[in-house]
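Participant: no sequence on this one, just coordinates:
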C-alpha cells in the first residue's frame, strides 16, 4: 500500500494527531522525517496515502491541519524500539534511547528520571518523580519533544514490567 | 569567565543573565531562585560549587524558561545571536535547549564573531543540534552518556530517538563507537563519555578510562551527567587542560557519588553536596 507522511508545525501537534488518528482506528506510525525537512526535534506521521482526504478532514475538525502531506519515496527513520532494563533489587530502571525512568518496585513510585537533552525532560521529571506510575499523566500527554516521546516508550515498558502478572 | 547556557522548566520565565549563587538545594540567578534537581540547574550548581572550592569566580548563567515547546529556547537563541559578539567569555557551556538547526547556525556564527572565540562545550540538546548540523568539530568538548555516544556514532540519526538498533547494541564496544563518531565528523575535539566506564578522548584517541570508584546507583539518578559536565567546565576555567579536566571531573563525580552512599531514589542534590569533599580527595596539581 502506498504510504505518505504528514508534517506538522511541531512535535506536540504530531503527538496530538497520532493520538487522534489512532483513536479513530487509522493505521498510523510516528517516524523520523527525511533529511531535507529535518529542522531539529522532528517527528512525522506515516499513513496510508489512499486515506488522505478522510484523515485531513478528521485532523482539520480538531484544528490540527498538517503543514504538508508527502508521499513516502524512501525509507523513513524508525524510532528506537530497544529497551535496556537494569534491576537494582528494590528498584527497576528502563532506558529507551536517551531516556531513563526508575521505579520502586514495591510501591510503583517513580523515583528518578534521567537522560535526555530537550527542555521538557526537567519539566516531565518535575511532574512525574515522587508519584505512582498509575497516577501520573502519560509523558506523551504533557511532553513536547522526541525526548518526551522516548520517555513515553520507557514509561510504557516499565509500566508493563511492574504490572502484576 | 565561564558562561553556561540552558533552560529551566518554567514556561513564563524570560531570558535572564547573571552570576550563580548556590544555597543548599537552590541556585539564584538575577534574583530568581531555582530548585536544583536536574538539567541546567544541576550543571550550574556543580560548576558553582567546584569554582568556589578552587577559589574561582562563580559562573555566569544565561537562562530561559522552556517546558519543551521550544519558544523559550528560541528567545534565548535570539538573545545570544544578538549579544554574543560583544561578550567576553573564555568558556561557554551549552546545555538543555530545544534542538533547532537554523538557530544553532546563527549562534555559532555569533560565537565566531566574538573578539576571542570561547572554548565551547556542548551537552544535551545543544550537543544534539551541533551534531545534526554537521558542526560537531567546531566544539572543544562534548559530554555524551553511552546512549548519546551511540547517537554520535550513527551518522544517519538526527536525534538519539532515531539511533539505529545495531549501534545501540554496541554499548559494550564504546571504543568502536568513538571511532565511528570521529570517522563521520560527528564528535567534538574532545569527548568525555559518561557511563559504567568513563572515556576521555582527544581527537579520536582515548586518553583515559575512569571506572573507579564504581557506583552503579548513579545511573538512574537524574542530573548526575549534568554535574560531570559542570565540574569539567569549572576545572577548565581553573586552568586544567581539557583532557585532564575531563578525567578529574569523572573521578570527582564518582567520588561524590560514593560519599553520598546513594540508592536509585537519591536525588542529585545529595551528590552535589559531596563535590567539595570529593575535590579534596583528588590531587589536581598533578593534572595541571
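Facilitator: Yes, it's here. All values derive from a computational prediction rather than experimental measurement.
Participant: Let me know whether residue B:155 touches residue B:182 as I believe.
Facilitator: No. Judged on CB atoms under 8 Å, residue B:155 makes no contact with residue B:182 at a distance of 11.2 Å. For glycine as for every other residue, the C-beta is placed from the backbone atoms N, C-alpha and C.
Participant: Which of the two has more residues huddled nearby?
Facilitator: Taking neighbours as other CB atoms under 10 Å in any protein chain shown, residue B:155 and residue B:182 compare with residue B:182 leading, 21 against 14.
Participant: List the residues that contact the spatially most central residue of chain A.
Facilitator: Closest residue to the average C-alpha location of chain A: residue A:149 at 3.0 Å, with CA atoms, centre = their mean. Going by CB atoms under 8 Å, 6 or more residues apart in numbering or on different chains, residue A:149 touches A:11, A:15, A:30, A:43, A:79, A:139, A:140, A:143, B:161.
Participant: what secondary structure does it sit in?
Facilitator: Taken by DSSP: H, G, I helix; E, B strand; the rest coil, the conformation at residue A:149 corresponds to helix.
Participant: try residue B:61
Facilitator: At residue B:61 the chain is in strand, as set by three-state DSSP.
Participant: Sort out which residues of stretch B:255-266 are buried, please.
Facilitator: By neighbour count on 16 or more other CB atoms under 10 Å in any protein chain shown, the buried set for stretch B:255-266 is B:255, B:256, B:257, B:258, B:259, B:260, B:262, B:264, B:265, B:266.
Participant: likewise stretch B:102-116?
Facilitator: B:103, B:104, B:106, B:107, B:108, B:110, B:111.
Participant: Please name the nearest non-neighbouring residue to the second one.
Facilitator: Looking back up the chat, that one is residue B:104. Nearest residue to residue B:104, sequence neighbours excluded (CB to CB, 6 or more residues apart in numbering or on different chains): residue B:129, at 4.5 Å.
Participant: Thought residue B:105 was touching that neighbour, still the case?
Facilitator: No. Residue B:129 lies out of contact with residue B:105 (CB under 8 Å); the separation is 9.3 Å.
Participant: In which helix or strand does residue A:47 reside?
Facilitator: strand A:44-48 (DSSP states H and E).
Participant: That strand: how far from the chain's middle?
Facilitator: With CA atoms, centre = their mean, to the nearest Å as the basis, strand A:44-48 stands 14 Å off its chain's centre.
Participant: So it, near chain B or not?
Facilitator: No. Using CB under 8 Å from any CB of the partner chain, strand A:44-48 stays clear of chain B, with a minimum separation of 11.7 Å.
Participant: pLDDT value on residue 149, please?
Facilitator: Answering for chain A, as no chain was given. On pLDDT, residue A:149 comes in at 90.
Participant: Chain B is the one I meant
Facilitator: In this model, residue B:149 is scored at 95, pLDDT.
Participant: Can you report how many residues neighbour it?
Facilitator: With other CB under 10 Å as criterion, residue B:149 counts 28.
Participant: Can you tell me the element the residue nearest to residue B:104 falls in?
Facilitator: Short version, using DSSP H and E: residue B:129 is in helix B:124-132.
Participant: Domains in chain A, by residue range?
Facilitator: The record's domain split for chain A, according to automatic domain parsing, is A:3-71, A:83-161.
Participant: which stretch in those has the least confidence?
Facilitator: Per-stretch mean pLDDT for these is lowest at domain A:3-71 (a mean of 89).
Participant: how about the helices in chain B?
Facilitator: Assigned by DSSP state H, chain B shows helices spanning B:39-53, B:71-83, B:101-112, B:124-132, B:146-153, B:165-168, B:174-183, B:224-237, B:242-260, B:268-272, B:275-280.
Participant: contact partners of the fifth one?
Facilitator: Applying CB under 8 Å, 6+ apart, the external contacts of helix B:146-153 come out as A:95, A:97-98, A:115, A:117, B:127-128, B:131, B:136, B:142, B:144, B:157, B:159-160, B:163, B:167-168, B:170-171, B:174, B:176-178, B:180-181, B:184, B:186-187, B:191, B:193-196.
Participant: Check the shortest one too.
Facilitator: With CB under 8 Å, 6+ apart as the test, helix B:165-168 has contacts from A:80, A:81, A:82, A:97, B:147, B:150, B:153, B:154, B:177, B:180.
Participant: Max pairwise distance over the residues you listed: which two?
Facilitator: Using CB to CB, the pair of these lying farthest apart is A:81 and B:180, separated by 20.9 Å.
Participant: Of the two, which one has the most company?
Facilitator: Neighbours per residue, other CB under 10 Å: of residue A:81 and residue B:180, the larger number sits with residue B:180, 20 against 10.
Participant: any idea how far that one is from residue B:163?
Facilitator: For residue B:180, the distance to residue B:163 equals 12 Å [CB to CB, to the nearest Å].
Participant: Return every residue with contacts to both of these two.
Facilitator: Shared contacts of residue B:180 and residue B:163, defined by CB under 8 Å, 6+ apart, are found at residue B:154.
Participant: okay, now whichever residue of chain A sits closest to chain B: neighbour count?
Facilitator: Nearest residue of chain A to chain B, counting by CB to the nearest CB: residue A:120, 2.4 Å away. For residue A:120, the count of nearby residues is 31 (other CB under 10 Å).
Participant: check contacts around it.
Facilitator: Residues counted as contacts of residue A:120 (CB under 8 Å, 6+ apart) are A:142, A:143, A:144, A:145, A:147, A:148, B:9, B:66, B:67, B:68.
Participant: Quick check: closest non-adjacent residue to the last one.
Facilitator: The spatial neighbour of residue B:68 that comes closest, neighbours along the chain excluded (CB to CB, 6+ apart), is residue A:120 at 2.4 Å.
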